[in-house]
Structures are given as C-alpha cells and as structure tokens.
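# Here is my input, please return the structure:
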Amino acid sequence: MSSWTLGPENGSLTLHTGVTGAAARMGHRLTIVMDAWTISVDGPDDRPSSAVLVVDVHSLRVDSGEGGLTPLTPPEKSMVRSNALKTLNAKRFPTIEFRAEKITRNATGYLMHGPLTVHGVTHAVDIDLTVTADGDDQQLSLHTEISQRAYGIKPFSMAMGSLKVADLVTVSFEGHRPAV
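Below is the predicted model:
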C-alpha cells in the first residue's frame, strides 16, 4: 500500500458561478479559487483504493467576474467573498470534504464514488477524474456540477431576487502529480 498527497502547489481548485433572474445581465459570472486544500490518496499508482479531499472554506478567493455592467473591482471582490462565506456559513461548516470510497478505472482515468459533504449536508456522488501522461508526470483534471440547494445552501440574491447566483456551480480541478 502506498499513499501520496497533493495540495495547491500541485494544481488549482476553482468554482464557476452563473447568474439568473430578471436582472441577470447586471451580475458577474464568478471564478472563485479555493487556496487551501489537500487530496490524500491511498493504494498503488495503478489502482488507488481511496481518496480524500478536504477544502478550507475560509480560503475562498474571488479571482474574477465576467459580465456585469462594470468590471468587478477589488472592493466588490471583497464584498462577494464576505457574502459567499456567509452563504456557506463558513464559521459553522469550515470544510468541504469528499471521500472516494470506491474508485474504478475507466477509459480516461478513474470514476470515484463516495460522500461529498458541503454545508453540513452529505450526498453520495460520482466524479470522473481524467488522467493523462505528461512525460513522467500525470496531468489530472475534473469538471463537475454541484447544486447549492441540494446541500441546503440558498444561493445569494439581491435586488429582491431579481439578481441571483445560479443554483448549479461548476467545480474544476486541474493539477499534476510529479513522478515519484
């Protein structure tokens, strides 16, 4: 049995939000970066048996905002971060965790199945991880959508609900695992 760990020095974990509502064109589609996370994997390189992702919710950083009537300013990014931490109730639920309890090989990498806990709510999910060779290193990537409402999160809204963050959030991971 072997184990290895990845963190922000090995890649990026980002969230992409959309906007909805009558005033959606006024809102920004956000790119949010999670700056503190770890992935721990157990099992031989060719047959990992488990993986655990732990994300520090307080590490949330608003990277950019596309669209909107005006560009997203640094003070607005700070306000968006504050609102996001309140929406996620980060003081009560400081981590997001995924535990891949079953990992099976597929054509592009691995299918991971296990509980995802966000905002204190847990659901079993399936996540595809794409693995490609890059010399001796492995390039890792995944893209999946998560419903905020499924995890008891009420998407942020303003202007009496005419501008809302869309329920579905796209989670992306791009990284590499150096050769051992």
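# Lowest average confidence across helices and strands of this structure, where is it?
Scoring the helices and strands of the chain by mean pLDDT, DSSP states H and E places strand 157-158 at the bottom, with a mean of 77.
# now for the next helix or strand after it, which elements pack on it?
Moving toward the C-terminus from strand 157-158, the next helix or strand (DSSP states H and E) is strand 163-165. Counting by 3 or more Cβ pairs under 8 Å, 6 or more residues apart in numbering; DSSP states H and E, the packing neighbours recorded for strand 163-165 are strand 19-20, strand 157-158. C-betas here are computed from N, CA, C, even on glycine.
# what packs against the least confident helix or strand of the chain?
strand 163-165.
# Could you point out the helix or strand that follows the strand it packs on?
With elements assigned by DSSP H and E, the helix or strand that comes after strand 163-165 is strand 168-177.
# Pairing partners for that next one, with directions?
Looking at strand 168-177 with DSSP bridges, its partner strands are strand 11-16 (antiparallel), strand 137-147 (antiparallel).
# so what's the closest residue to Glu97 other than its chain neighbours bridging to?
For Glu97, the nearest residue in space outside its immediate sequence neighbours is Thr117; the separation is 4.8 Å by Cβ to Cβ, 6 or more residues apart in numbering. The bridge-partner assignment for Thr117, based on DSSP bridges, gives Glu97, Thr122.
# Give me the number of neighbouring residues for the residue nearest to Asp136 when sequence neighbours are not counted.
Nearest-residue entry for Asp136: Ala179, 3.4 Å, with adjacent residues in sequence omitted and distances by Cβ to Cβ, 6+ apart. Summarising burial for Ala179: neighbours were counted as other Cβ atoms under 10 Å, giving 10.
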